[in-house]
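>>> next come a sequence and a model predicted from it.
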Amino acid sequence: IHFYFIWDGTTMATISSLQPPITGPGSLPAGYTHWCYIGAVRYTAAPVLARTRFRGDTFLYDAQQNALLNGVAVALTAVDVSAFVPPNALTMLLDVQHFSITANGVGAFNTQLQLSHIAATAPFRATMSGTGGAAAAWFQSCGVVPIQREGSPVSFYYAQAITTGVTPLTTIHVLGYTIPNGGA
């Protein structure tokens, strides 16, 4: 749902709309002549607005939104986040968790997580390794990921490069996004 400030020359109010800022909120109430874009907030299947806090152009969820749970892709794979990030967003804030453990509990292993916001480009890589016993490795990081262009679906790409005996799992949460509303 897109939110707007509206003004009648004296009073400021708000209005919500399914229309993005290029179109604006549509028909304004009688007497209101101006509008200004605030931003978009996710409308869930419940149906309720997702609890979101914002300041300027940054919108942050009160609770993480699960975009990928225990992903196992070994080839660069798209993860659609359009249910969590509006199509007019400029960036998204992701929490990335990558966990690996040896299946047989012995020997050395290496695993690599690759992330990219564009399918055809060299992705960011995080490499983990472990040796002997019940070897395990954990990688967690938060980062801002640019959105390649406005439109749907909004997505990013991930892959895991693994060695024998390793079972890696990747979980990625959307924590928030930025909107082109002129705020900073």
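On my side now, so go ahead. Numbering: from 1, shown residues only.
>>> which element is residue 66 on?
When elements are assigned from DSSP states H and E, residue 66 belongs to strand 58-71.
>>> ok now the helix or strand that that strand is followed by, how far from the chain's centre?
Per DSSP H and E, the first helix or strand lying C-terminal to strand 58-71 is strand 77-80. Offset of strand 77-80 from its chain centre (Cα atoms, centre = their mean, to the nearest Å): 11 Å.
>>> direction included, what does the helix or strand following strand 77-80 pair against?
Downstream of strand 77-80, the first helix or strand assigned by DSSP H and E is strand 91-102. Strands that pair with strand 91-102, judged by DSSP bridges, come out as strand 136-146 (antiparallel), strand 166-178 (antiparallel).
>>> quick one: list the elements packing against the strand holding residue 66.
Helices and strands touching strand 58-71, as assessed by 3 or more Cβ pairs under 8 Å, 6 or more residues apart in numbering; DSSP states H and E, comprise strand 52-55, strand 77-80, strand 91-102, strand 155-162, strand 166-178. Heads up, the C-betas are built off the backbone N, CA and C, glycines and all.
>>> what sits against residue 78?
Applying Cβ atoms under 8 Å, 6 or more residues apart in numbering to residue 78 gives the contacts 119, 155, 156, 157.
>>> how close does the second one sit to residue 115?
For residue 155, the distance to residue 115 under the criterion Cβ to Cβ, to the nearest Å works out to 12 Å.
>>> compare these two (neighbour count), which wins?
Each of residue 155 and residue 115 has its neighbours counted (other Cβ atoms under 10 Å); residue 115 has more, 22 against 19.
>>> returning to what we had before: out of the strands paired with strand 91-102, nearest to residue 47?
Across those, residue 47 has its closest neighbour in strand 166-178 (19.0 Å, Cβ to Cβ).
>>> hmm, back to that, whichever of the contacts of residue 78 end up buried, select them in ChimeraX.
With 16 or more other Cβ atoms under 10 Å as the criterion, this ChimeraX line picks the buried residues out of the contacts of residue 78:
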select :155,156,157
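>>> so which of the contacts of residue 78 is the closest to residue 95?
Distances from residue 95 to the contacts of residue 78, taken by Cβ to Cβ, are shortest for residue 156, at 12.6 Å.
>>> which helix or strand in this structure has the lowest average pLDDT?
For the chain, counting by mean pLDDT, DSSP states H and E, strand 124-130 ranks last in confidence among helices and strands (a mean of 62).
>>> now for the nearest residue to residue 34 once chain neighbours are set aside: which residues touch it?
Residue nearest to residue 34 in three dimensions, not counting chain neighbours: residue 7, with 4.4 Å by Cβ to Cβ, 6 or more residues apart in numbering. Residues in contact with residue 7 (Cβ under 8 Å, 6+ apart) are 13, 32, 33, 34, 35, 36.
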